[in-house]
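Student: Based on what follows, work out the 3D shape:
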Amino acid sequence: MLDSNDPLVALADTINWGQFDDSFKKYYSNYGRPTKPIRLMIGLLILKQLENLSDENAVLQWKRNPYYQYFCGMTEYQPALPCDPTDLVYFRKRIGTEGVEKIFAMSVALHGKDAQEKQVIIDTTVQEKNVTYPTDGKLAIKMIHHVHRIAKEEKIQLRRTYVKEIKGHRISLRFFRHPKKIKKARAAMKRLKTITRVLIRDISRKLDEKQVEKYQETFDLFLKVSDQKQKDSNKIYSLHEQHIYVIAKGKDHKKYEYGTKASLVTTMKSNVIIGVSAHEKNEHDSKTLKAALAHANKHRTKPIVEAICDRGYRGKKEVEGTVICIPDTPKKRDTKYQKEQKRKKFRRRDAIEPIIGHVKSDHRMQRNYLKGFVGDEINLLMAASAFNLKKWMNNFLMILFLCRIIFLCVVLYKIDTKERRKYADLYLMFYRLW
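Tutor: The predicted model follows:
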């Protein structure tokens, strides 16, 4: 009953699902409750990124959409939910970055020769984490509340909770940018940090040795956050995502972004993403080239010859046999032809910018909801995979459209001259499109 020309149906028939069954067998055992089919879980992960859905919505839309069910390997319509949304979380943890890497490799392999171009374009962007805008006041109040929860769990009576005082300091911090309120806000901030240290010392004295060992890591983190200053390096901006750092890309509308830096490698002509890399440290763009090119070469049979970058990659001319091209003033010894070739090459570099925009807005890279640096890597790989699969589906629709035009043109050409006059306008339209 489904349309066989639907791109999702065509994609489901093209993907070699058997390779995932063979690769992911090692993550399962023969004991316990029977597992969900591997194709079902991988299909849900792909559909989630492809359609920009959350885990909950991906599961719900699967129940309502027969095309989604066919994509995940079902032969008959299933009226029930395929799994609990949390099963996707467990499946991502089970396969890890190594498993998601295989999904990305499949999305690159679908494009065949288009993914084997000698020239590539490289650029970096920021994958923002799902954290609130960090201020010292927010972090201090969160730490105090966390200490209160620990005291409640361990049934410890604190000497003082400071609950009423914290409410007043919270109000003082609301307008800390106002010139008349800044002095009061600074005093409130200083007091909140002092309260944090007092509470940690108070609770540490009343805990047993085993309990102290249990919470020692948390207390060390809180003390480090309360002691950090404005111009310190390696600051902590979030208590639950400690690995993130601040990045300034020079945007007028968004001065600072909080997350991790990500590199994307695309082919020059076909715009297929052949490599991605997430970076744990906020390094200069030129230092990210090695990891990005290494990941891109993993999914190719031939090494990359030339990488075209922007001026942010100054300082590198060659990385592991790949020539790095950066825009520069034309040289006197260059011929007119060489100057024109360079101009076209560096104009083509801008093609990666809309690709980054589509990956962010259409495939869930705008804000990353997955935990930890492993979550950054998984989300980046899945977003790039979704972009490649979407590109394949669009190419399929274009080929289907052109085939229909050719067929109609042939049919109209064979019709008698008298009959052809009736369809003259239609024939001209198809001929111009072709």
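Student: show me where the stretch 101-250 of the chain has helices.
Tutor: Here the stretch 101-250 of the chain has its helices, by DSSP state H, counting those that start in this stretch, at 136-153, 163-173, 182-206, 209-227.
Student: Name the residues that touch the third one?
Tutor: Defining contact as C-beta atoms under 8 Å, 6 or more residues apart in numbering, one finds that helix 182-206 is touched by 136-137, 140-141, 143-144, 147-148, 150-151, 156-160, 162, 165-166, 168-169, 172-173, 175-176, 212, 219, 222-223, 226. All C-beta atoms are positioned from the backbone trio N, CA, C, and that covers glycine.
Student: Compute the inter-axis angle for that helix and helix 136-153.
Tutor: 20 degrees (axes from the mean of the first three to the mean of the last three C-alpha atoms, to 10 degrees).
Student: Then the shortest one?
Tutor: Here helix 163-173 runs at 160 degrees with respect to helix 136-153, directions being taken by the same axes, to 10 degrees.
Student: Can you work out which other helices and strands pack against helix 163-173?
Tutor: helix 136-153, helix 182-206 (3 or more C-beta pairs under 8 Å, 6 or more residues apart in numbering; DSSP states H and E).
Student: what do you get if the cut-off is 6 Å, keeping everything else the same?
Tutor: Applying 3 or more C-beta pairs under 6 Å, 6 or more residues apart in numbering; DSSP states H and E, one finds that helix 163-173 makes contact with helix 182-206.
Student: which helix in the protein runs the most residues?
Tutor: helix 372-414 (DSSP state H).
Student: Quick one, grab the pLDDT at the residue lying closest to residue 360 once chain neighbours are set aside.
Tutor: Nearest residue to residue 360, sequence neighbours excluded (C-beta to C-beta, 6 or more residues apart in numbering): residue 366, at 4.4 Å. Reading off the confidence values, residue 366 has pLDDT 92.
Student: those strands in the chain, which residues are they?
Tutor: 119-129, 245-247, 257-267, 273-279, 306-308, 318-319, 322-325, 367-368 (DSSP state E).
Student: would you turn these into TSV with mean neighbour count and distance to residue 345?
Tutor: Output for these, formatted as TSV (neighbours: other C-beta atoms under 10 Å; distance: least, C-beta to C-beta, whole Å):
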stretch	mean neighbour count	distance to residue 345
strand 119-129	23	8
strand 245-247	17	28
strand 257-267	23	14
strand 273-279	24	18
strand 306-308	20	6
strand 318-319	14	17
strand 322-325	18	7
strand 367-368	18	33
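Student: With distance to residue 38 as extra columns, can I get those strands in a markdown table?
Tutor: Converted to a markdown table, these look like this (distance: least, C-beta to C-beta, whole Å):
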| stretch | distance to residue 38 |
| --- | --- |
| strand 119-129 | 27 |
| strand 245-247 | 36 |
| strand 257-267 | 27 |
| strand 273-279 | 23 |
| strand 306-308 | 36 |
| strand 318-319 | 37 |
| strand 322-325 | 36 |
| strand 367-368 | 25 |
